[in-house]
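In: When you get a sec, could you give me coordinates for this:
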Amino acid sequence: MTDQESMSGLVAVWWKAVDSFTRLLEHVGEEQWRAPTDLPGWDVHAVAAHTAHLEALLAGRPHDDVEVGEVAHARGAMGRFTEQGVVARHGQAPDDLIAEIREAATARHTQLLADPPTDPDAPAPGLFGAIGWSTLTLLRNRPLDVWMHEQDVRRALDLRGNLDSAAAVHTADYLLESLPMVLAKRAAAPAGTVLRLEVDGHAPVTAVVGDDGRGRRGTEADGAPTVVLGTDRETFVLLAGGRRTPAAGAVRVDGDADLASRVLGAMAVTP
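Out: All right, here's what the predicted structure looks like:
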């Protein structure tokens, strides 16, 4: 598969994720828009507003430069930037948010079909390129972000679903790539530690801490795992997405229980 074909595939996954998310939002009741989500300070309306903000930026529309005040959950420059998009849309009707997401995504999709990206290392457009993202990084992150926020809304409204879509598989596969970093840096496992993570529906992933203290993907040559963790896709995404503590018994543990606890406590890799 060429770089262009791979990136076009990511565009297709993102496009389907946007369609699924907006279809879900169409069924949110009037009172449900204020239901709190797992994201501190954000209700369902704020999650939709955030998505509308980012899709609008990618479609070439200007950023909403508004005052956000002192907001505990808006940390750092990027957090405050993100919050500006939410605050600017605070009073918007739900139908207008849905329409903005669809219109902005359609404009962006049309651009990408007319002029498909060919260089994965080219700087991403606008803000995303300014923070160091490549075109490939942006294209990989958009389906993850949209699908994760659909799941935020689903959990807030107790509407579990869409866990087996292309965006769901992409998101979990993408998050699994962080396992070596989580093991070595976040969980501070010693050299020689081998961790195997088995997520239902995905190929098992092994991470190893090398003699230099750095994490890397493991192979059979690295020997038996120090600990094996197993879980379903939804639970893994809750952990890696830093959303909420999984239900008791949702993660299977075989081996070093203390290490397993440290890894699970350090697994969140998205803000």
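
In: for the helix or strand harbouring residue 79, which positions count as buried?
Out: Applying DSSP states H and E as the criterion places residue 79 in helix 76-88. Along helix 76-88, these residues count as buried under the neighbour rule (16 or more other Cβ atoms under 10 Å): 81-88. Bear in mind the C-beta positions are built from the backbone N, C-alpha and C, glycine included.

In: same check, this time on stretch 239-247
Out: Across stretch 239-247, burial judged by 16+ other Cβ under 10 Å covers 239-241, 243, 246.

In: Now render the residues you listed as a markdown table, adding secondary structure and pLDDT.
Out: Listed next are these as a markdown table, based on DSSP: H, G, I helix; E, B strand; the rest coil; pLDDT from 0 to 100:
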| residue | secondary structure | pLDDT |
| --- | --- | --- |
| 239 | helix | 97 |
| 240 | helix | 97 |
| 241 | coil | 96 |
| 243 | coil | 95 |
| 246 | coil | 88 |
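
In: And the helix or strand of the chain with the lowest mean pLDDT, how far out from the chain middle?
Out: Lowest on mean pLDDT, DSSP states H and E among the helices and strands of the chain sits helix 76-88, with a mean of 86. With Cα atoms, centre = their mean, to the nearest Å as the basis, helix 76-88 stands 17 Å off its chain's centre.

In: helix or strand right after it?
Out: Next along the chain after helix 76-88, with elements defined by DSSP H and E, is helix 94-114.

In: Alpha carbons only: can I get that next one in PDB?
Out: This file holds the C-alpha atoms of helix 94-114, laid out as PDB (Å, rounded to 0.1, in the frame of the first residue of the first chain):
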ATOM      1  CA  PRO A  94     -27.800  21.700  19.200                       C
ATOM      2  CA  ASP A  95     -29.000  21.600  15.700                       C
ATOM      3  CA  ASP A  96     -26.600  24.400  14.800                       C
ATOM      4  CA  LEU A  97     -23.700  22.400  16.300                       C
ATOM      5  CA  ILE A  98     -24.600  19.300  14.300                       C
ATOM      6  CA  ALA A  99     -24.900  21.400  11.200                       C
ATOM      7  CA  GLU A 100     -21.500  23.000  11.800                       C
ATOM      8  CA  ILE A 101     -19.800  19.700  12.200                       C
ATOM      9  CA  ARG A 102     -21.300  18.300   9.100                       C
ATOM     10  CA  GLU A 103     -20.700  21.400   7.000                       C
ATOM     11  CA  ALA A 104     -17.100  21.800   8.100                       C
ATOM     12  CA  ALA A 105     -16.300  18.100   7.700                       C
ATOM     13  CA  THR A 106     -18.000  18.100   4.300                       C
ATOM     14  CA  ALA A 107     -15.800  21.000   3.200                       C
ATOM     15  CA  ARG A 108     -12.700  19.300   4.500                       C
ATOM     16  CA  HIS A 109     -13.600  16.000   2.900                       C
ATOM     17  CA  THR A 110     -14.200  17.600  -0.400                       C
ATOM     18  CA  GLN A 111     -10.800  19.200  -0.300                       C
ATOM     19  CA  LEU A 112      -9.100  15.900   0.600                       C
ATOM     20  CA  LEU A 113     -10.800  14.100  -2.200                       C
ATOM     21  CA  ALA A 114     -10.000  16.800  -4.700                       C
END
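
In: Before I go, just wanted to say thanks for your time.
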